[in-house]
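Student: sequence and computational prediction follow.
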Amino acid sequence: MGRGYVPAALLLIIPTAVLLAVPLYNRLNPQLFGLPFFWWFQGLWLIIAAVMYIGAALILEHGDTDRGEA
Amino acid sequence: MALVTVIVFMALFAVFTFLGFGAAYWRKGDLSDLGQWALAGRKLGPYLAWFLVGGDLYTAYTFIAVPSAAFGKGSIYAFATPYVMVTFAVAMVTMVTLWKMSREKNYITGVDFVKDRFKSRTLAIAIALTGIVAELPYIALQIVGMRAVLIVMLSPYFPNSIAGTSEIALIISFIVLAVFTFVSGLRGAALTAVMKDLIILITVLVVVIYIPYTYGGFAHAFQLAHTAKSTVNYATLSPKLANAYISLFILSALTLYFYPHAINGVLSSKSSRTVRLSTALLPLYGMGLFLLTLFGVLVFAVPKALAIVAPAGGTANGTLVVPALISTTMPDWFTGVAFLGIFIGGLVPAAVMAISQANLLTRNVIKEFVPNLRPKTETTIVKWSSVFFKFLALAFVFVVSQTYAIELQLLGGVFIAQTLPAMMLGLYDKKFLNRWALFAGWLVGMSSGIWFTLVANNFKTLSTSLMKTPFGLLYIAATSLVINLVVAYAGSAIARIAMPRSAAVPSD
């Protein structure tokens, strides 16, 4: 296992873990732009996930380059 | 429907056709060679790969099936959003592994990997046939989507015969698809995918901002939806559906990249870096899907569009949600652009899927029996079988009521899920899994999946992919996969005890 493997795994797993906790976000309020919490919370996580995944991709890419298999 | 819409649609379709056929001459290669026809010579750089894989996200599933399901059954179909999010985490890990192995050992399909890893012809053929079958309902869904656009566009010209219009629309969609695939192969799909994605991205951006803005935002729409259909939950999820929701998004996410066409797209990429970085960015593509899901609710706030989707005294057809919202809200010329986007948004992915099916059939099934196929014969078989499969796919159009077209994709997921023990776990498991145990697991998984689906739908038209379990309703792909895994692991354990050496070093 290369360097940075654990942080990369966390970055990939956290968004899924959050959305598995359905009761956490299955609620009406607070609303945003007229959207129930249930909807906008999940939409918001798409953006957060993209940022976290790019972090993970960069870490893993770095690991590959160090091992010389770019 | 204004004539302007039809003219814009036709003009853009002419451009599209020109690109599709012109593709035969782009980065010229011998089109009678299979690698050229089916993998575009493995020359796709990061941008084209991103377009091709990302573009696969925007299919009739996104524009037609998901909004339709949200309209019909409410918040449970919000699962499409976490589904997309989870998918790319899974893909970033598994697809990079698969890509590296494929490059090293020259695999062209996922089944090549299964065959090499487990040294079992039987298992490989079973997995190949599963992939082929699973694509059929998914292609059917694309045809349903193309038809929805044509229905909305053509119905003003045939005011007295809705059923007739629908049939004409279906026939046109089917012929266009068959001819397009046959002539251009994956190059055609790749090149036109760029045009498709540009038009679609413009459509998504304009539509998801403009329409809610025009009709007083979402709060109003949620209220009207609740008033119109008080038995359906739109704003939040019924707590007893939490497990159903989780099983839908997790299993859909696990399966998406293991469809043959998705693997095909990944393997056409130039480098593992391409695979990883393009995957990381893809959740952003999901924002469009998220907003389009909401259109199933938004349609309640637009009376003119609602009248097309659910005509007074007629049966509602949820697949018309997005086309109806666009045609009643946007300028005519823009409607033409958007309709073309949605139409080819079904056409291009359907072509890619059919190509990957034909590829699997020739390479991983027929060649197992006739190993010395001449390359020319091989390509001929691939092209004609892709036509044959499209006829089979057409049959699936009739087993589902249009509003629940999403069930077609979910049915495909039930099948693909049964290939995961060999395809996904096989990437990481080096010794334990036994090929015969995997085959037994696959057999039990497939049969239980089909049986559960039939029972859940009372042996009638497909309208649900959820089954009753002690844990509440669950997606059938999940229950069958669990059964599959139990058999695969128990069987492998037994095989290890019974024949500790031969299990680890298999040979046919």
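Tutor: It's in.
Student: residues contacting the residue lying closest to residue B:349 once chain neighbours are set aside?
Tutor: Using C-beta to C-beta, 6 or more residues apart in numbering or on different chains and skipping residues adjacent in sequence, the residue nearest residue B:349 is residue B:59, 4.2 Å away. (C-beta placed from N, C-alpha, C; glycine too.) By C-beta atoms under 8 Å, 6 or more residues apart in numbering or on different chains, the contact list for residue B:59 reads B:141, B:142, B:145, B:345, B:346, B:349.
Student: chain A versus residue B:59, what's the distance?
Tutor: 18 Å (C-beta to the nearest C-beta, to the nearest Å).
Student: next, that residue: phi, psi?
Tutor: With angles defined as degrees, to the nearest 10, residue B:59 sits at phi -120, psi -170.
Student: before we move on, back to that, could you dump the contacts of residue B:59 into a markdown table with pLDDT and secondary structure added?
Tutor: Output for those, formatted as a markdown table (pLDDT from 0 to 100; DSSP: H, G, I helix; E, B strand; the rest coil):
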| residue | pLDDT | secondary structure |
| --- | --- | --- |
| B:141 | 90 | helix |
| B:142 | 90 | helix |
| B:145 | 90 | helix |
| B:345 | 86 | helix |
| B:346 | 87 | helix |
| B:349 | 84 | helix |
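Student: ok, the residues you listed vs residue B:475, which is closest?
Tutor: residue B:141 (16.7 Å; C-beta to C-beta).
Student: pLDDT on the host helix or strand of residue B:480, on average?
Tutor: For residue B:480, the host element (DSSP states H and E) is helix B:476-498. Averaged across helix B:476-498, pLDDT comes to 91.
Student: return the two entries of the contacts of residue B:59 that lie farthest from one another.
Tutor: Farthest-apart pair in the contacts of residue B:59 is B:141 and B:345; separation 11.7 Å (C-beta to C-beta).
Student: need the overlap of contacts for those two.
Tutor: B:59, B:60.
Student: select the longest helix from chain A.
Tutor: For chain A, the helix with the greatest residue count under DSSP state H is helix A:37-66.
Student: save the contacts of residue B:59 as JSON lines, and put in neighbour count too.
Tutor: JSON lines is the format used below for the contacts of residue B:59 (neighbours: other C-beta atoms under 10 Å in any protein chain shown):
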{"residue": "B:141", "neighbour count": "31"}
{"residue": "B:142", "neighbour count": "31"}
{"residue": "B:145", "neighbour count": "29"}
{"residue": "B:345", "neighbour count": "29"}
{"residue": "B:346", "neighbour count": "29"}
{"residue": "B:349", "neighbour count": "27"}
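Student: can I get those residues in TSV including distance to residue B:325?
Tutor: Listed next are the contacts of residue B:59 as TSV, based on distance: C-beta to C-beta, whole Å:
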residue	distance to residue B:325
B:141	20
B:142	20
B:145	15
B:345	16
B:346	17
B:349	22
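Student: ok, so of these, who is nearest chain A?
Tutor: Here the nearest of those to chain A, counting by C-beta to the nearest C-beta, is residue B:345; it sits at 19.9 Å.
Student: my guess is that closest one contacts residue B:201. True?
Tutor: No - using C-beta atoms under 8 Å, residue B:345 makes no contact with residue B:201, being 10.7 Å away.
Student: contact partners for the residue in chain B that chain A sits nearest to?
Tutor: Relative to chain A, the nearest point of chain B is residue B:219 (3.2 Å; C-beta to the nearest C-beta). Residue B:219 makes contact with A:31, A:34, A:35 under the criterion C-beta under 8 Å, 6+ apart.
Student: please name the nearest non-neighbouring residue to the residue in chain A that chain B sits nearest to.
Tutor: Of chain A, the residue with the smallest distance to chain B, taken as C-beta to the nearest C-beta, is residue A:34 at 3.2 Å. The spatial neighbour of residue A:34 that comes closest, neighbours along the chain excluded (C-beta to C-beta, 6+ apart), is residue B:219 at 3.2 Å.
Student: and that neighbour, what's its pLDDT?
Tutor: With respect to pLDDT, residue B:219 scores 84.
Student: and the one 3 residues further on, by the same measure?
Tutor: The predicted structure scores residue B:222 at 88 on the pLDDT scale.
Student: angle of the helix or strand that contains it against helix A:37-66?
Tutor: Element membership for residue B:222 (DSSP H and E) is helix B:217-228. Taking axes from the mean of the first three to the mean of the last three C-alpha atoms, to 10 degrees, one finds helix B:217-228 and helix A:37-66 inclined to each other by 130 degrees.
Student: returning to what we had before: give the buried residues for the longest helix of chain A.
Tutor: Neighbour counts over helix A:37-66 (16 or more other C-beta atoms under 10 Å in any protein chain shown) mark A:37-43, A:45-46, A:49-50, A:52-61, A:63-64 as buried.
Student: got it, and stretch B:106-113?
Tutor: B:107, B:108, B:109, B:110, B:111, B:112, B:113.
Student: among those, which are located in helices?
Tutor: Using DSSP H, the buried residues of stretch B:106-113 in helices are B:110, B:111, B:112, B:113.
Student: dump these to CSV, plus pLDDT and distance to chain A.
Tutor: Putting these into CSV (pLDDT from 0 to 100; distance: C-beta to the nearest C-beta, whole Å) gives the following:
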residue, pLDDT, distance to chain A
B:110, 86, 21
B:111, 90, 25
B:112, 87, 21
B:113, 88, 18
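Student: what's the worst-scoring helix or strand of chain A on mean pLDDT packed up against?
Tutor: Each helix and strand of chain A was given a mean pLDDT (mean pLDDT, DSSP states H and E); the minimum falls on helix A:37-66 at a mean of 86. Packing partners of helix A:37-66 (3 or more C-beta pairs under 8 Å, 6 or more residues apart in numbering or on different chains; DSSP states H and E): helix A:5-20, helix A:22-25, helix B:80-105, helix B:272-281, helix B:286-298.
Student: minimum distance to residue B:196: which of those helices has it?
Tutor: Closest to residue B:196 of the helices and strands packed on helix A:37-66 is helix B:286-298 (C-beta to C-beta; 13.5 Å).
Student: wait, what's in contact with residue B:143?
Tutor: Contacts of residue B:143 (C-beta under 8 Å, 6+ apart): B:60, B:170, B:173, B:174, B:177, B:346, B:350, B:393, B:394, B:397.
Student: near chain A, anything from the next helix or strand after the helix holding residue B:222?
Tutor: Counting by DSSP H and E, the next helix or strand C-terminal to helix B:217-228 is helix B:242-256. Yes - Helix B:242-256 reaches chain A (C-beta under 8 Å from any C-beta of the partner chain) through B:242, B:245, B:246, B:249, B:250.
Student: what sits against the closest residue to the first one other than its chain neighbours?
Tutor: This means residue B:242. Leaving aside its chain neighbours, residue B:242 sits nearest to residue A:22 (4.3 Å; criterion: C-beta to C-beta, 6+ apart). Going by C-beta under 8 Å, 6+ apart, residue A:22 touches B:237, B:242, B:245, B:246.
Student: again with residue B:76
Tutor: Going by C-beta under 8 Å, 6+ apart, residue B:76 touches B:233, B:237, B:241, B:244, B:245, B:248.
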